[in-house]
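Fold the following.
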Amino acid sequence: MKPNNRILVVDDNISIHRDFKKVLSNPRAEEKRKLAQIEKGLFQDEPEEEDENSLLEYQNYLVDSAFQGEEALQMVIKAHEEGRGYAMIFMDVRMPPGWDGIETIARIWERYPDIEMVICTAYSDYSWEKILAQLGTTDRLLFLRKPFDTTAVKQMALSQTRKWNLSQQAQRYVRQLESEIKERKRSEERLHYLAHHDSLTNLANRTQFYENLVQSLSVARESKTKLALFFVDLDRFKEINDTLGYHNGDLILKQIAQRLRKVIGETGLVARFGGDEFAVLIHSVNANEDAAFLATRIHDVLEPNFNLEDLQLEVRASIGIVLFPDHGEDADTLMRRADMMMSVAKKSDPGYTFYDPKFDHYSPRRLMLLGELRRAINNNDLCLYYQPKISFETGYIIGCEALVRWHHPKIGRIFPDEFVPLAERSGLIKPLSMWVLKEAPRQWEQWHKQGIDLSISVNLSVRDLFDSQIPEKIAKILDQHHMPPEMLILEITESAMMEDPQQARSILSRLNDMGIKLAIDDFGTGYSSLAYLKNLPVDEIKIDKSFVMELDTDEDDATIVKSTIDLGHTLGLSVTAEGVEKSEGWDILQQLGCDFAQGYYMGRPLPVNEISKWFEESNWGMRAHAEGLKDSGGQ
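Next up, the predicted model:
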């Protein structure tokens with residue numbers, strides 16, 4: 001922005017105005033300054049920096065005149081309204097018959113306190129002490145005795161206009177910074193809201209419900225009160241979607257959300273988990289009868305038909321109910337059992353069912369799997385599947401994520417969603433993680449010998465993150481398989497880091513110092529502040545698939561993904577989208593500037609023999625990349 005060199009001279013003597021303009025108005029100042037620089041360039045080896053005398057000589061000021069205090073105030077107001085306010089004012093003290101200079105300054109400062117002032121007087125009865133007593137102590141006021149020296153006037157004009165301009169520049173910077181902070185805060189709050197609420201109904205989503213349940217359990221333990229958890233599934237709702245379309249189905253879901261809010265009120269939390277599944281948490285119940293009464297109320301509120309244009313639709317629900325502490329001590333157990341009883345309720349007459357251990361087929365199985373998993377780790381009976389990671393820039397594979405799989409000799413395939421949580425709760429997660437951390441570099445070494453150089457991503461659990469020896473263990477494995485540290489990417493979830501941020505930062509810093517790449521997995525499902533995130537030595541964030549899978553049809557998901565990509569790039573991080581299952585999702589992510597993607601659209605997780613075949617045959621693979629380079633002349 002061009003500096004403001006506008007000066008107002010206020011004096012009842014016209015000759016004073018002529019003198020000021022003669023001293024300060026120098027319309028050819030810029031021309032003279034350039035000419036002086038050319039002369040220095042011609043006759044000196046190196047151009048000298050402008051000294052104080054040259055600065056005084058080549059300054060040009062726009063000088064306006066006012067002869068009375070009242071006139072000066074009006075000129076200042078008008079100039080400010082027109083966007084050309086004054087940087088400083090030379091003010092005479094005695095200007096009969098109107099206001100004197102002191103009163104004029106006071107009235108101007110009431111409106112525009114930033115203007116620099118220089119009091120000009122030849123009378124000794126206006127002492128500095130008297131002036132300060134009326135105007136107060138300030139750094140915007142100087143004193144100039146008449147008759148004054150022209151150099152003093154130039155020096156004051158130069159210093160005070162520069163001071164005013166620097167002050168304005170600082171204020172603009174502060175306002176801009178405050179605006180950016182507010183916008184960043186709004187974006188963070190919006191992201192948090194979208195990550196914790198269902199976009200269709202604005203109810204809480206699974207993430208917020210789980211967090212609220214964990215907090216409520218803590219309160220209930222201390223107060224020794226009961227909680228009730230209801231899982232609500234709409235019966236045959238798929239028929240509505242299939243017959244009337246998803247748009248009309250969504251309209252019904254919104255009406256259901258409103259009715260559930262009305263019946264629950266302030267006594268608990270209502271959430272939508274997705275599809276036609278809802279959940280209700282009641283923070284305090286006295287007995288089973290209270291929960292049964294509420295389940296009946298839920299059925300009653302859903303009983304009136306739902307209006308959809310000219311149609312009257314009937315919707316019924318099945319409700320699974322669990323109580324704390326009767327049916328479980330922790331959030332995961334309660335939610336699993338409520339979900340299980342919701343399925344049982346579909347076959348019951350009242351449409352709701354309390355937890356009954358006879359329907360829980362998981363507990364004996366979990367005990368059996370616990371012993372089997374330990375043997376599988378020790379006997380090397382697990383295997384790794386590899387999912388390709390594709391670059392948007394090249395359109396080809398740049399790495400793989402290693403995912404552990406378990407093929408039980410009797411039961412068959414056991415999904416990670418079942419045995420990984422079991423490992424986490426039983427203490428087997430550390431030996432399981434070490435098995436993966438050993439196997440992935442071993443496979444990398446095999447590929448490297450075949451001329452295949454791809455990074456491999458491995459998930460790190462909460463317990464691994466707080467193992468002080470984990471950096472040394474990984475370093476030893478990498479050295480054993482001659483794997484460069486930068487070819488290994490360790491993925492850590494937000495929730496894992498937030499359990500003990502200080503310890504997490506310490507371990508991650510040590511891993512980063514080794515050259516290992518670090519990524520935040522499932523980004524958006526937890527809630528780590530950006531202020532904390534920017535101080536972590538991470539290289540990448542991976543957007544959770546729940547925000548990516550319906551990217552082409554869900555505007556809120558698109559907003560979250562765009563904001564996450566922008567925030568990631570602002571923090572200097574690369575961004576990977578998980579769960580890309582359709583070409584439309586790929587195209588949108590490419591337009592949004594995402595860096596990498598994983599998903600079934602490009603390639604599902606595959607065992608070693610099949611992923612090697614994928615490398616050769618897929619359009620995203622390395623052979624296709626090599627042939628593309630060959631066709632383009634190696635560019």
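
residues touching residue 239, list them.
Residues near residue 239 by C-beta atoms under 8 Å, 6 or more residues apart in numbering: none. Heads up, the C-betas are built off the backbone N, CA and C, glycines and all.

so is it in a helix, a strand, or just coil?
helix (DSSP: H, G, I helix; E, B strand; the rest coil).

What of residue 273?
strand.

ok, it touching residue 205?
Yes. With contacts counted by C-beta atoms under 8 Å, residue 273 reaches residue 205, the gap being 7.2 Å.

Please identify which of the two sits among more neighbours.
residue 205 (22 against 19; other C-beta atoms under 10 Å).

looking at it, the more buried one is touching residue 269, isn't it?
No. The pair residue 205 / residue 269 is not scored as a contact, 11.1 Å apart, by C-beta under 8 Å.

tell me the average confidence for the host helix or strand of residue 404?
Assigned by DSSP states H and E, residue 404 belongs to strand 397-408. Mean pLDDT, computed over strand 397-408, is 94.

Show me what it is packed up against.
The contact analysis (3 or more C-beta pairs under 8 Å, 6 or more residues apart in numbering; DSSP states H and E) places strand 397-408 against helix 362-378, strand 382-391, strand 412-414, helix 416-426, helix 429-449, strand 455-459.

who's residue 313 bridged to?
Here residue 313 sits in beta bridges with residue 306, going by DSSP bridges.

How about residue 493?
With DSSP bridges as the rule, residue 493 is bridged to residue 521.

Quick check: it touching residue 519?
No. Residue 493 is beyond contact range of residue 519, at 10.1 Å (criterion: C-beta under 8 Å).

quick one: low-confidence parts of the stretch 501-635 of the chain?
Applying pLDDT under 70 to the stretch 501-635 of the chain picks out residues 525-532, 623-635.

ok so, going back, nearest to residue 209, out of the helices and strands packed on strand 397-408?
helix 416-426 (18.0 Å; C-beta to C-beta).

between that closest one and helix 362-378, how many degrees?
90 degrees (axes from the mean of the first three to the mean of the last three C-alpha atoms, to 10 degrees).

Low-confidence regions, the stretch 101-250 of the chain specifically.
Applying pLDDT under 70 to the stretch 101-250 of the chain picks out residues 123-126.

how about the helices in the stretch 51-200 of the chain?
52-57, 69-81, 101-111, 128-135, 150-196 (DSSP state H, counting those that start in this stretch).

Now the first one: average pLDDT?
So that's helix 52-57. pLDDT averaged over helix 52-57 gives 50.

ok, residue 385 - contacts?
Here residue 385 is in contact with 402-405, 605-607, 611 (C-beta under 8 Å, 6+ apart).

For the residues you listed, name the two members farthest from one another.
404 and 611 (14.5 Å).

Settle it for me: which of those two has more neighbours?
Neighbour tally, residue 404 and residue 611, criterion other C-beta under 10 Å: the higher count belongs to residue 611, 24 against 21.

How about that one: what's its closest non-neighbour residue?
Counting by C-beta to C-beta, 6 or more residues apart in numbering, residue 611 lies nearest to residue 386, which is 4.5 Å off, once chain neighbours are set aside.

For the one you found, list each beta-bridge partner.
residue 402, residue 606.

Next, the contact list for it, please.
Taking C-beta under 8 Å, 6+ apart, we find residue 386 in contact with 400-403, 443, 456, 605-608, 611.

Let me know the secondary structure of residue 353.
strand.

Could you pull out the strands in the stretch 201-350 of the chain for me?
226-234, 268-274, 277-285, 306-308, 311-313, 317-324 (DSSP state E, counting those that start in this stretch).

what would the ones you listed look like in a markdown table with distance to residue 471?
Shown next, in a markdown table, are those (distance: least, C-beta to C-beta, whole Å):
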| stretch | distance to residue 471 |
| --- | --- |
| strand 226-234 | 41 |
| strand 268-274 | 38 |
| strand 277-285 | 41 |
| strand 306-308 | 58 |
| strand 311-313 | 59 |
| strand 317-324 | 40 |
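
mind checking which of those strands is nearest residue 65?
Among those, the nearest to residue 65 by C-beta to C-beta is strand 268-274 (70.7 Å).

what's that closest one in contact with?
Identification of contacts with strand 268-274 by C-beta under 8 Å, 6+ apart yields 198, 200-201, 203-206, 208-209, 212, 228, 253, 257, 260-261, 264, 278-283.

and that strand, C-alpha only, in CSV?
Provided in CSV are the C-alpha atoms of strand 268-274 (Å, rounded to 0.1, in the frame of the first residue of the first chain):
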residue,chain,number,x,y,z
GLY,A,268,-30.3,-38.4,26.8
LEU,A,269,-28.6,-38.4,23.4
VAL,A,270,-30.0,-39.5,20.0
ALA,A,271,-27.7,-40.6,17.2
ARG,A,272,-27.9,-42.0,13.7
PHE,A,273,-25.2,-44.5,12.9
GLY,A,274,-26.0,-44.6,9.2
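
OK, contacts around the nearest residue to residue 439 once chain neighbours are set aside?
With sequence-adjacent residues excluded and distances taken as C-beta to C-beta, 6+ apart, residue 439 is closest to residue 384, at 5.4 Å. Contact analysis of residue 384 by C-beta under 8 Å, 6+ apart lists 402-405, 436, 439-440, 443, 607-608.

Only the buried subset of these, as a ChimeraX command please.
Command for ChimeraX, covering only those of the contacts of residue 384 found buried under the criterion 16 or more other C-beta atoms under 10 Å:
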select :402,403,404,436,439,440,443
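
got the contacts of residue 384 as a markdown table, with distance to residue 502 columns?
Listed next are the contacts of residue 384 as a markdown table, based on distance: C-beta to C-beta, whole Å:
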| residue | distance to residue 502 |
| --- | --- |
| 402 | 29 |
| 403 | 30 |
| 404 | 29 |
| 405 | 35 |
| 436 | 26 |
| 439 | 31 |
| 440 | 28 |
| 443 | 34 |
| 607 | 39 |
| 608 | 39 |
